[in-house]
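*Asks:* Predicted coordinates and the sequence they were generated for:
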Amino acid sequence: MVDHSSPSRRPLGRASLLLRLAAIGVVVGAVAGAFAYVNGTLDPQRLRPKTLVNALETNNGVHPGYRRNHSKGVCVAGYFESGPAARAYSSAQVFHEARTPVIGRFALPSGNPYAPDSSVPIRSLALQFSQANGQQWRTGMNSMPVFPVGTPEAFYQMLKAGAPDPATGKPNPASMPAFFASHPEAAPFLAWVKTAKPSASYATESYNGINGFYLINANGQRQAVRWGVVPISQDTKEAAAPAGADFLQQDLEQRLLAGPVRWQLLITLANPADPVDDASKVWAGEHTVLNAGTLVLDSSQPQLSGDCRDINFDPLILPSGIEASNDPLLAARSAAYASSYLRRTGEVSQLHNAVQESKP
Amino acid sequence: MNAPSRFFTPLARLLHWLMALMVIAMLFIGAGMVASVSQRHEWLLHLHKPLGIAILALVIVRLVVRFSTRQPPLPSDLPLWQVLAAKASHLLLYGLMLVLPLLGWAMISAAGDPVMLSSTVQLPAWVPANAQVFAVLRKAHGYLAYLLFLTVLLHLAAALFHGWVRRDGVLQSMLGKD
């Protein structure tokens, strides 16, 4: 063995040794401290994905294995038939291939998987388009035209306003009006919700992507858009919600027995003045709307065993040819969905018990 | 006589310092992105995936370099427990640098998500989509990343201990000069 350094080594004095050890402690401590700041330990006020998911659990209870929001739903499957209208605006394969397979999920926007269907006047539709090239387009849409608020911070405050009061187990009735009074950006949503009624069918609803995105064509040109789907048959649009808690899934299954249900995928092109990055604002006035094709849903499955169960409908899983806007809600949805997805996928084995419990 | 060099080869030193930078950046990026709902989450995620694959490629090159070149020996007067700690921590560092990118790639596969390194570059899924497998892989990715961070801290502390307290040439062997 070669001991190559001992010749020049002289013993350190006690003070020098302590100083050097302290210096090592400072360096290592600085790196560890920076890390603890970045991961949020030393920055407890930061809004984190788990803060949002914890707030949803506080408001709705923990239902192991279920999504932390939009917990009650049903899986559907079908395909998308593209038309020519969006092809000049986006290079995404979904707009160029004749047919793209789709897995989707209808749901109620509540974190309670046992919520009665008439408890909220909103329904949602999440879709996953699986392109032949392996890329995917996932989108989560709602029947309202705008989101109540424009930022994740305001959304968190809204969740807190809806949190149960520990004394009564129910939300303080004054909290939500107080929240809306201090959030004037919610006016367009509140105006819509006044006119909204719980519908009798998933099939007769329109669903809006709400957030802004960009379509990118083969030349790299970017067009800001919002998208949504509009039902082709609106037969019972005005039908009042029937009695009972679980009519939506039954209605859908019955309709699918008679044949596929269809929507048009409509893409609204932003005008120059439109707020692309604020989902709480309406795009008012005349707009060019592309009819990008037809969404055809032809089968359904229960959500606890269906193909949609293990899909995280992260709105930032996009194919090339579609890009996210700078809407801060998009990043927050993506981050919070990932947190919810990790919790519920770790609880899949508990779902069987949950099913048994829910049976009367 | 063919005495071993006091220094690591220039290629080994280059790989070490390049990967030190990348791995530390990666640990901070990972810890930061999962603790944010802002747009930082998105752009950090877009850095995390290609950087992880780059680390995976480099660690394979590095293992080849490690096993095909001679390493400077540890000082002969190093206590046995420190020799063992040095060997064990290096094994852990190499193992984690290799396993963490593979786990990241596997967990995205198990989630059924397309494994995208950019808007157009896609890697194949190498684990079938399965929610329970995803949950296990995702948790392992997080916990092992923390283990890697702790091992890096230990490595840093030991390197400085060699350089500032023992002054035995071990730190210099990676710096490449006395």
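*Replies:* The structure has been received and is ready for your questions. Numbering: from 1, shown residues only, chains lettered A, B, ... in the order given.
*Asks:* Tell me which residues of the strand of greatest length in chain A come out buried.
*Replies:* Counting residues, the longest strand found in chain A (DSSP state E) is strand A:289-302. For strand A:289-302, the neighbour count (16 or more other Cβ atoms under 10 Å in any protein chain shown) marks A:289-290, A:292-297, A:300-301 as buried. Any C-beta I mention is one placed from the backbone N, CA and C, and that applies to glycine too.
*Asks:* which other helices and strands contact that strand?
*Replies:* Packing partners of strand A:289-302 (3 or more Cβ pairs under 8 Å, 6 or more residues apart in numbering or on different chains; DSSP states H and E): strand A:73-82, strand A:99-107, helix A:247-258, strand A:261-269.
*Asks:* Quick one: closest of those to chain B.
*Replies:* Ranking these by proximity to chain B (Cβ to the nearest Cβ) places strand A:99-107 first, at 9.8 Å.
*Asks:* What strands flank that closest one, and is each parallel or antiparallel?
*Replies:* Sheet pairing here is set by DSSP bridges, and for strand A:99-107 it gives strand A:73-82 (antiparallel), strand A:124-130 (antiparallel).
*Asks:* Next, the angle strand A:289-302 makes with it.
*Replies:* 70 degrees (axes from the mean of the first three to the mean of the last three Cα atoms, to 10 degrees).
*Asks:* who touches strand A:99-107?
*Replies:* Strand A:99-107 is contacted from outside by A:67, A:70-82, A:93-94, A:123-132, A:202, A:248, A:252, A:295, A:297, A:303, A:307-308, A:311, A:313, using Cβ atoms under 8 Å, 6 or more residues apart in numbering or on different chains.
*Asks:* right, is the helix or strand harbouring A:Leu52 up against chain B?
*Replies:* Taking DSSP states H and E as the criterion, A:Leu52 maps to helix A:49-60. Yes - part of helix A:49-60 sits near chain B under the criterion Cβ under 8 Å from any Cβ of the partner chain, namely A:49, A:51-52.
*Asks:* What separation do you get for B:Ile53 and B:Leu102?
*Replies:* 10 Å (Cβ to Cβ, to the nearest Å).
*Asks:* all strands of chain B, in order?
*Replies:* All strands of chain B, identified by DSSP E, fall at B:115-116, B:122-123.
*Asks:* Would you mind finding the most buried of those strands?
*Replies:* Highest mean neighbour count of the strands of chain B: strand B:115-116, a mean of 20 (counted as mean count of other Cβ atoms under 10 Å in any protein chain shown).
*Asks:* Report the strands that pair with that one, each with its relative direction.
*Replies:* strand B:122-123 (antiparallel).
*Asks:* For stretch B:123-135, buried residues please.
*Replies:* For stretch B:123-135, the neighbour count (16+ other Cβ under 10 Å) marks B:125, B:127, B:130-131, B:133-135 as buried.
*Asks:* filter those residues down to the ones near chain A?
*Replies:* Among those, the ones lying near chain A by Cβ under 8 Å from any Cβ are B:130-131, B:134-135.
*Asks:* Provide a list of residue ranges in chain B with pLDDT below threshold.
*Replies:* Applying pLDDT under 70 to chain B picks out residues B:1-2.
*Asks:* Now do the helices in it.
*Replies:* Ranges of helices in chain B, per DSSP state H, are B:10-33, B:39-68, B:80-110, B:131-160, B:170-175.
*Asks:* can you put those in CSV and add distance to A:Ala243?
*Replies:* Below are these laid out as CSV (distance: least, Cβ to Cβ, whole Å):
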stretch, distance to A:Ala243
helix B:10-33, 47
helix B:39-68, 43
helix B:80-110, 42
helix B:131-160, 35
helix B:170-175, 75
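*Asks:* Looking at those, which is nearest to B:Met116?
*Replies:* Ranking the helices of chain B by their distance to B:Met116 (criterion: Cβ to Cβ) puts helix B:39-68 first, at 7.2 Å.
*Asks:* That closest one to helix B:131-160, inter-axis angle?
*Replies:* Orientation of helix B:39-68 against helix B:131-160 (the same axes, to 10 degrees) gives an angle of 60 degrees.
*Asks:* what about helix B:39-68, distance to the chain center?
*Replies:* With Cα atoms, centre = their mean, to the nearest Å as the basis, helix B:39-68 stands 8 Å off its chain's centre.
*Asks:* does it come close to chain A?
*Replies:* Yes - using Cβ under 8 Å from any Cβ, helix B:39-68 reaches chain A at B:39-42.
*Asks:* Tell me the one of those nearest A:Met141?
*Replies:* Looking across the residues of helix B:39-68 next to chain A and measuring by Cβ to Cβ, the closest to A:Met141 is B:Glu42, at 20.0 Å.
*Asks:* residues contacting the closest one?
*Replies:* A:316, A:324, A:330-331, A:334.
*Asks:* which one among these gets closest to chain B?
*Replies:* Distances from chain B to the contacts of B:Glu42, taken by Cβ to the nearest Cβ, are shortest for A:Ala331, at 4.6 Å.
*Asks:* what's the burial count for that closest one?
*Replies:* 23 (other Cβ atoms under 10 Å in any protein chain shown).
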